[in-house]
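S.K.: Build me a structure from this.
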Amino acid sequence: MAGGGFSKLPGGSVVVALTLPSPLGEQGHVRVLVHAANRARALTRLRNLGLRAVYLRGNTAPPTPDELTAVLHHPDGLIWRTAPDEADELWHPIGALLRGAARAA
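M.R.: Predicted coordinates:
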């Protein structure tokens, strides 16, 4: 399961959603949402956090309306949760994913 996509917002910014292999050393995937001025900046934000091999090819899995709401209401504009989505799991700040990945390494 890999995929990603984006939605352009009325103000000109974008929300990029990517499904990536879990960096926690576990089986499975994580869904990462990034709010940025454009697609290139969104990917740069992830690469600057250490997720180097992040690419957006196509628009096969754009963010859902619920995902858009979640990322737009988060102060950092950068959140994640495991994929496929579990109804009872909340969105986490990206720092929680990166701290967990550092412990798993």
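
S.K.: neighbours around the nearest residue to residue 77 once chain neighbours are set aside, how many?
M.R.: Here the nearest residue to residue 77 in space, its sequence neighbours aside, is residue 35; by CB to CB, 6 or more residues apart in numbering that works out to 3.4 Å. Placement of C-beta: from N, CA and C, glycine included. For residue 35, the neighbour count with other CB atoms under 10 Å is 22.

S.K.: How about the contacts made by residue 35?
M.R.: Taking CB atoms under 8 Å, 6 or more residues apart in numbering, we find residue 35 in contact with 13, 14, 15, 42, 71, 72, 74, 77, 78.

S.K.: hmm, try it at 6 Å
M.R.: With contact set as CB atoms under 6 Å, 6 or more residues apart in numbering, residue 35 has these partners: 15, 71, 77.

S.K.: can you pull out the strands in the chain?
M.R.: 3-8, 14-21, 29-36, 78-83, 92-93 (DSSP state E).
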